[in-house]
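Colleague: Show me the folded form of this:
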Amino acid sequence: MATWNLSETQHHILICNGSSCNKAGAEELTQSIRNEIAAKGLDTLIHTSRTLCNGRCQDKCVLITYPDGNWYKEMSSEDAPRLIESLITGNEIEDKISHSYNGKCFERTEGTVKGIEKEGEIVKRVSKQL
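Modeller: Predicted structure coming up:
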């Protein structure tokens with residue numbers, strides 16, 4: 001495994017490569033983002049990591065950018081140039097934001113699945129019912 005010098009890194013992109021996102025083009029998205037970073041000579045400033053499922057399968061393909069904490073939804077390889085440009089300029093891609101934590105609340109859109117409860121919460125509820 002390669003060890004990267006991340007001392008100059010300003011942005012970290014976590015790209016979901018879970019099953020649902022992979023079926024929707026996550027590998028192509030990953031490669032497009034990495035190619036865009038390389039083409040602009042931004043390898044020392046922007047780092048990418050593939051993840052497994054991030055739990056937002058309804059929003060596939062999902063990616064998260066740090067340090068801003070933005071969650072992007074319905075991303076495709078065509079969005080790569082716009083994403084990288086947004087990181088450089090500091091402008092969010094508003095039509096692709098799924099979640100932002102910069103003082104904003106999580107906004108659940110119509111049809112968004114709540115998700116699966118954590119095991120501990122289920123145990124607490126079952127215990128209370130007994």
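Colleague: Contact partners for Glu27?
Modeller: Shown in contact with Glu27 (CB atoms under 8 Å, 6 or more residues apart in numbering): Asn17. Any C-beta I mention is one placed from the backbone N, CA and C, and that applies to glycine too.
Colleague: ugh, typo on my part, it should be Leu14
Modeller: So Leu14 contacts Thr48, Ser49, Thr51, Asn54, Leu63, Ile64, Thr65, Tyr66 (CB under 8 Å, 6+ apart).
Colleague: what lines up beside the strand or helix carrying the second one in the sheet?
Modeller: Right, Ser49. Ser49 belongs to strand 46-51 when elements are defined using DSSP states H and E. Within its sheet, strand 46-51 is paired with strand 11-16 (parallel), according to DSSP bridges.
Colleague: Longest helix in the protein, please.
Modeller: If you go by DSSP state H, the chain has its longest helix at helix 26-39.
Colleague: hang on, the earlier thing: which among the contacts of Leu14 gets closest to Ile15?
Modeller: Nearest to Ile15 among the contacts of Leu14: Leu63, at 4.7 Å, using CB to CB.
Colleague: Just give me the neighbour total for the closest one.
Modeller: Using other CB atoms under 10 Å, the number of residues around Leu63 comes to 28.
Colleague: Kindly indicate which of the contacts of Leu14 lies nearest Cys16.
Modeller: Asn54 (4.6 Å).
Colleague: Next, count neighbours for the closest one.
Modeller: As a burial measure, Asn54 scores 18 neighbours (other CB under 10 Å).
Colleague: With adjacent residues omitted, what lies nearest to it?
Modeller: Leaving aside its sequence neighbours, Asn54 sits nearest to Cys16 (CB to CB, 6 or more residues apart in numbering; 4.6 Å).
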